[in-house]
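J.: here is my input, please return the structure:
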Amino acid sequence: MQHRTMTRTVAGLALGLSALTPGIASADDEPVPTITSTEVSPTSLVLGISRPKDLRLEAVTTPFADPTKVVAAIDDLYHGPAATLTANEEGDHYTRVETLSVQPQQLDNDMAGQVDTLFEARVFGDDDPVGTVVSQATNTTLRLYRAARLRVNATEHPRRGQRITITGRLRRANWDTGEYAAYRNRPVLLSFRARGSSEVTYLKGVTSGADGRLRTTVRARRDGTYNWYFEGNARTGAARAAGDFVDVR
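T.: Got it, this is the predicted structure:
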């Protein structure tokens with residue numbers, strides 16, 4: 001399974017201590033933070049080509065000096081200004097939280113799949129804008145998925161028992177080009193739901209063609225809605241078409 005490290009690709013939460021002198025604090029200096037736990041939520045994001053989604057990062061640290069001086073160091077996924085965060089003291093630890101807007105335009109296709117999110121605590125001294133890393137923690141729970149899209153079309157008003165044609169197309173987000181492109185050679189399920197029923201029956205599996213197109217035939221025996229469903233995979237999200245109702249004569 002392929003892993004990505006988030007120091008560059010998705011996010012890092014840097015905890016800044018502006019009150020300390022250059023270098024790592026010694027036992028006689030102000031205490032430096034140690035990251036004790038991290039959380040990323042949600043743990044999966046399905047992204048298309050335009051709509052952003054929020055990602056919440058949380059780091060819990062041991063206490064340290066001047067906890068109001070905390071900045072978020074975000075690279076490829078967040079290009080806004082560094083944010084001053086609220087540091088809430090809870091007993092013997094501090095909690096740092098940042099919400100990021102993940103923009104599909106800042107992703108590339110290779111970033112789909114499991115991603116390692118690196119959290120860093122840094123000490124910032126006088127005239128030291130970069131700081132010194134004093135604690136690191138890696139969270140491995142995040143997965144990024146490329147969104148998929150499906151459409152369906154069925155023969156209208158067939159006679160009972162007549163064979164009808166169900167077509168469609170499977171596409172998925174291409175983060176490199178900013179467009180949806182054909183997703184070929186992928187298994188897609190054809191389903192049917194009879195009029196007035198909530199039960200969905202899966203009729204058969206079809207493999208998408210070179211252009212992502214789907215085509216099959218079934219016998220029309222009663223009124224109902226035909227639909228395509230793609231289960232998704234390790235790097236692509238699931239998708240379901242809107243459905244097409246067939247009125248059997």
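
J.: got the phi and psi for the residue sitting nearest the centre point of the chain?
T.: The chain has Leu45 as the residue nearest its centroid, 1.7 Å off, counting by C-alpha atoms, centre = their mean. Main-chain dihedrals, Leu45, degrees, to the nearest 10: phi -130, psi 130.

J.: the longest strand along the chain: what's the following helix or strand?
T.: Of all the segments of type strand in the chain, defined by DSSP state E, the longest one is strand 132-146. Beyond strand 132-146 in the direction of the C-terminus, DSSP states H and E gives the next helix or strand as strand 148-154.

J.: domains in the protein, by residue range?
T.: By the assignment in automatic domain parsing, the chain contains the domains 3-146, 148-246.

J.: okay, these in a markdown table with mean pLDDT next?
T.: Formatted as a markdown table, the domains of the chain follow (pLDDT from 0 to 100):
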| stretch | mean pLDDT |
| --- | --- |
| domain 3-146 | 68 |
| domain 148-246 | 97 |
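
J.: rewinding a little: ok, and for the longest strand of the chain, which residues are buried?
T.: Neighbour-count burial for strand 132-146, counted by 16 or more other C-beta atoms under 10 Å, picks out 132, 134-135, 137, 139, 142-146. All C-beta spots, glycine's among them, are computed from the backbone N, C-alpha and C.

J.: which elements pack onto it?
T.: strand 35-41, strand 44-47, strand 53-61, strand 113-123, strand 163-174 (3 or more C-beta pairs under 8 Å, 6 or more residues apart in numbering; DSSP states H and E).

J.: now the angle from it to strand 163-174?
T.: Computed by axes from the mean of the first three to the mean of the last three C-alpha atoms, to 10 degrees, the angle separating strand 132-146 from strand 163-174 equals 160 degrees.

J.: now do strand 132-146 against strand 35-41, angle only.
T.: 20 degrees.

J.: burial measure for Asp127, as a count.
T.: 6 (other C-beta atoms under 10 Å).
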